[in-house]
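[1] Sharing a model that was predicted from the sequence below.
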Amino acid sequence: MPPETLIALISLAAGTLFTPGPNNAMLAASGATFGFRRTLPHMLGVAVGFPAMVLIVGLALGGLFQTSLALQESLRWGGAALLMWIAWKIATSGGVSAGGGPARPMSFPAAAAFQWINPKAWVMAVAATSQFVTGPGPALAAGIVALTFLGGGLMSSATWVMAGQTIARILTSSGRRRIFNLTMAALIVLSVAQLVWH
């Protein structure tokens, strides 16, 4: 992969991985609720699951996904419905150190599997593979794209979990926890709206 193409790929990965979206909002909420150590499986599931998805899409599913409108639409609306449910659960949870929150953080397999129904993940995977997995040597190109997203995903996921953990220090009242949960839920709803309507 030429250096200028690799720079463009790194820029795309940074721009998409660090911006708010369903994964990042869920990681921040989990970091605030459970702390860094207990959120580690969730964080690694996102950081590893998405690059694995990119690799598979790049090698096998990219063309099918791009040519099947029915597949695109079913994934878009099914994923949007699931994300709205997750946003509702976050918005109505008790949050940090409160009894109404989830009993445990998301597991590694659940977080990795979640990528396959996350509309933002599909948009990112198809966009990245359609732009960078071209020409001769598609397997090598898909591997480079996946490794780039793995490195960026580890940094991004850790950043959002630490941000949530840091925020937890000021969430000392039920009112503050409520505002935080509503903000994280709103980020998910906004990302769903953006992905569905654009």
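    Arrived safely. Numbers count the residues shown, from 1 in each chain.
[2] how about the longest helix along the chain: buried residues?
    Looking across the chain with DSSP state H, the single longest helix is helix 22-56. If you call a residue buried by 16 or more other CB atoms under 10 Å, then helix 22-56 has these buried ones: 22-35, 39-51, 53-56. Using the backbone N, CA and C atoms, a C-beta is placed for each residue, glycine as well.
[3] Tell me how far it lies from the chain's centre.
    Centroid separation for helix 22-56 versus its chain: 7 Å, with CA atoms, centre = their mean, to the nearest Å.
[4] so what does that helix touch, helix or strand wise?
    In terms of contacts (3 or more CB pairs under 8 Å, 6 or more residues apart in numbering; DSSP states H and E), helix 22-56 is packed against helix 69-92, helix 108-114, helix 119-132, helix 138-168, helix 174-197.
[5] List the residues that contact residue 184.
    Listed by CB atoms under 8 Å, 6 or more residues apart in numbering, the contact partners of residue 184 are 25, 26, 28, 29, 90, 91.
[6] can I assume the last one is in contact with residue 180?
    The one in question is residue 91. No - using CB atoms under 8 Å as the test, residue 91 is too far from residue 180 to be in contact (10.3 Å).
[7] out of the two, which sits in the busier spot?
    residue 180 (22 against 16; other CB atoms under 10 Å).
[8] you'd agree the more buried one is up against residue 32?
    Yes - counting by CB under 8 Å, residue 32 is a contact partner of residue 180 at 6.4 Å.
[9] Quick one: neighbours of residue 11, just the number.
    Neighbours around residue 11, by other CB under 10 Å: 10.
[10] and the gap between it and residue 118?
    Distance of residue 11 to residue 118, given as CB to CB, to the nearest Å: 22 Å.
[11] Please identify the nearest residue in space to residue 17, excluding sequence neighbours.
    If the residues on either side of it in the chain are set aside, residue 17 comes closest to residue 156, at 4.0 Å by CB to CB, 6 or more residues apart in numbering.
[12] Show the contacting residues for the residue nearest the centre of the chain.
    The residue lying closest to the centre of the chain (CA atoms, centre = their mean) is residue 23, at 3.0 Å. Going by CB under 8 Å, 6+ apart, residue 23 touches 46, 50, 114, 115, 118, 120, 121, 157, 160.
[13] who touches the fourth one in this structure?
    The reference is to residue 115. Taking CB under 8 Å, 6+ apart as the test, what residue 115 contacts is 23, 46, 49, 50, 52, 53, 121.
[14] ok, so of these, who is nearest residue 104?
    residue 46 (16.3 Å; CB to CB).
[15] doesn't residue 28 make contact with that closest one?
    No - between residue 46 and residue 28 there is no contact, the gap being 11.8 Å when judged by CB under 8 Å.
[16] For residue 5, see how far away residue 92 is.
    45 Å.
[17] ditto for residue 156
    21 Å.
[18] Which one's more surrounded, the two?
    The residue with more neighbours, out of residue 156 and residue 5, is residue 156; 25 against 14, by other CB under 10 Å.
[19] I'd assumed residue 24 was in contact with the more buried one.
    Yes - if you go by CB under 8 Å, residue 156 and residue 24 touch, sitting 7.0 Å apart.
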